[in-house]
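S.K.: got a predicted model here, sequence first, then my questions.
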Amino acid sequence: MSKKIDYSHNKKIENNSFGNGTQIADVIVNNCVKQEEQQDRAVYKPEPVWRSPFTLAVLTWMSCIIGILSLLPLGKMIRSVTTLFSGSLETLNTNDIQISSLAFVVLFLLLMITLTVRRIANLQTRHPLICNFAISGYGKKIVIEKIHIEKCPKCGGKMKYYNRPIEWMNKIYSDGKVKREVTKRIPVLECKRNSDHYYVVDYAEDRV
């Protein structure tokens with residue numbers, strides 16, 4: 001988004017002839033429009049604040065190990081359910097079930113986090129966190145960045161970097177209450193003075 005684009009090659013006139021007036025007007029208007037588009041852009045600069053030791057290879061091994069470990073409490077839970085349906089209530093230990101369930105939930109959450117971070121490292125993308133911080137997979141290595149943003153090009157206000165909701169659906173419950181559920185978000189630079197002043201950021205853009 002903050003890349004400077006050279007529009008000097010918009011149109012080439014052959015034989016040093018401008019042709020008719022329509023062609024001249026088209027060249028002038030085309031250049032003016034593109035200059036306005038170039039000026040009306042939010043500018044940001046990421047600053048790496050922590051380069052983690054978690055590379056793509058490390059995250060791949062971590063996801064495999066956590067996935068295998070999660071099978072242990074899952075196996076205990078399956079045996080407990082089998083024991084319950086077989087009618088052997090004497091051998092059923094509720095404490096073991098609770099511990100196994102808790103361990104499985106924790107390992108499953110860790111696995112989901114690891115797979116998500118691994119995907120970021122594999123695709124080398126950037127995603128907003130909080131307070132203008134971002135997580136990046138540049139170089140197939142997890143990096144935490146601070147996003148420095150210039151003022152809003154429209155009104156001069158301060159801007160923030162976050163995931164803006166763009167699609168949602170309304171869920172209606174039996175009691176008549178309506179809850180909005182966001183189904184899609186995109187990373188943007190948004191003005192704090194006017195939320196209508198926002199600029200989409202390409203999460204696959206290389207900025208490190």
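M.R.: Cool, got the structure.
S.K.: could you use CA atoms for every contact and neighbour count after this?
M.R.: OK.
S.K.: so who does the residue sitting nearest the centre point of the chain touch?
M.R.: When CA atoms, centre = their mean is applied to the chain, the residue found nearest the centroid is residue 127 (3.4 Å). When contacts are counted by CA atoms under 8 Å, 6 or more residues apart in numbering, residue 127 touches 134, 135, 136, 187, 203.
S.K.: looking at this, it is in a strand?
M.R.: Yes: Residue 127 forms part of a strand when assessed by DSSP: H, G, I helix; E, B strand; the rest coil.
S.K.: out of the contacts of residue 127, which comes closest to residue 176?
M.R.: Proximity of those to residue 176 (CA to CA) peaks at residue 187, which lies at 32.8 Å.
S.K.: and the closest residue to residue 161 other than its chain neighbours, how close does it get to residue 130?
M.R.: Distances taken as CA to CA, 6 or more residues apart in numbering place residue 189 nearest to residue 161, at 4.7 Å, with adjacent residues excluded. Plainly put, residue 189 is 13 Å away from residue 130 if you go by CA to CA, to the nearest Å.
S.K.: what about residue 134, neighbour count?
M.R.: Residues near residue 134, counting by other CA atoms under 10 Å, number 21.
S.K.: how about the contacts made by it?
M.R.: 126, 127, 128, 144, 145, 146, 147.
S.K.: quick one: it and residue 109, what's the gap?
M.R.: From residue 134 across to residue 109, the span is 21 Å (CA to CA).
S.K.: what about the strands in this protein?
M.R.: Using DSSP state E, the strands of the chain run over 44-55, 126-128, 133-136, 141-149, 159-172, 178-191, 198-200.
S.K.: export those to CSV and tack on mean pLDDT?
M.R.: CSV is the format used below for the strands of the chain (pLDDT from 0 to 100):
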stretch, mean pLDDT
strand 44-55, 91
strand 126-128, 93
strand 133-136, 94
strand 141-149, 93
strand 159-172, 89
strand 178-191, 89
strand 198-200, 92
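S.K.: how about these in a markdown table, adding distance to residue 63?
M.R.: Shown next, in a markdown table, are these (distance: least, CA to CA, whole Å):
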| stretch | distance to residue 63 |
| --- | --- |
| strand 44-55 | 12 |
| strand 126-128 | 20 |
| strand 133-136 | 19 |
| strand 141-149 | 15 |
| strand 159-172 | 26 |
| strand 178-191 | 26 |
| strand 198-200 | 32 |
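S.K.: related to what we said a few turns ago, is the residue nearest to the centre of the chain bridged to anything, and to what?
M.R.: Counting by DSSP bridges, residue 127 is bridged to residue 135.
S.K.: point out where this structure drops to low pLDDT.
M.R.: Low-confidence segments of the chain (pLDDT under 70): 1-39, 81, 83-94, 206-208.
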